[in-house]
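# no sequence on this one, just coordinates:
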């Protein structure tokens, strides 16, 4: 394996750094049909959500309503016409899977409830102010814009902040490092 396969002349290849599995193959375009498929599905999802004005909740609700209606009409018509009902797999959640999900949810919900209890009993004033200010900001920003616009403007703000930071501080740090190398 040549040095061109390795990232920054490291011991491991880029494929190994990315996990070496299916995800690495997709990211590195080794499975180009799958990568193209993911890109097309992502583009279609963007078109559905952005251009048509659907939200995830409204689209999910519409799809589930359509599926339920089709299966209901199929089952009723099959009973009337003496045909077999729609083939549905047995749908259930295993007890082990549910126990794992419940344990995970329980620990996080208990931590959240403990924090809420500390705030409600007045034990953690600083946390109260952080939560109150955060919720107020989320409420104000949420009422002014949608998520996509917020993402675009945040990205632009971060780029502007980094350029100012780079001009002001990072260049000075680089100069200081260069001076230290010259002195030693």
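Yep, it's here. On a predicted model such as this, the values are computed, not experimentally measured, just so you know.
# So for the helix or strand residue 70 falls within, mean pLDDT?
According to DSSP states H and E, residue 70 maps onto helix 56-80. Helix 56-80 shows a mean pLDDT of 85.
# Give me the contacts around it.
Residues outside helix 56-80 that contact it (C-beta atoms under 8 Å, 6 or more residues apart in numbering): 48-49, 54, 83-86, 88. Heads up, the C-betas are built off the backbone N, CA and C, glycines and all.
# run the last query once more with 10 Å
For helix 56-80, contacts defined as C-beta atoms under 10 Å, 6 or more residues apart in numbering pick out 45, 48-49, 52, 54-55, 83-86, 88.
# pLDDT below threshold where in this protein?
1-10, 57, 142-148, 150, 169-170 (pLDDT under 70).
# Could you tell me how far the helix holding residue 70 lies from the centre of the chain?
29 Å (C-alpha atoms, centre = their mean, to the nearest Å).
# same question, stretch 21-33
Taking mean C-alpha positions (C-alpha atoms, centre = their mean), stretch 21-33 and its chain are 20 Å apart.
# got it, and stretch 175-182?
Chain-centre distance of stretch 175-182: 41 Å, with C-alpha atoms, centre = their mean.
# Can you mark which positions in it are buried?
Buried positions in stretch 175-182, judged by neighbour count with 16 or more other C-beta atoms under 10 Å: none.
# returning to what we had before: report the buried members of the contacts of helix 56-80.
Judged by 16+ other C-beta under 10 Å, buried ones among the contacts of helix 56-80: residue 54.
# Secondary structure for the contacts of helix 56-80 - can I get that in TSV?
Formatted as TSV, the contacts of helix 56-80 follow (DSSP: H, G, I helix; E, B strand; the rest coil):
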residue	secondary structure
45	helix
48	helix
49	helix
52	coil
54	coil
55	coil
83	coil
84	coil
85	coil
86	coil
88	coil
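# So for the helix holding residue 70, what gets flagged as buried?
Within helix 56-80, judged by 16+ other C-beta under 10 Å, no residue is buried.
# Who are the packing partners of whatever helix or strand comes next after that helix?
As assigned by DSSP H and E, the chain's next helix or strand after helix 56-80 is helix 95-120. Packing partners of helix 95-120 (3 or more C-beta pairs under 10 Å, 6 or more residues apart in numbering; DSSP states H and E): helix 125-144.
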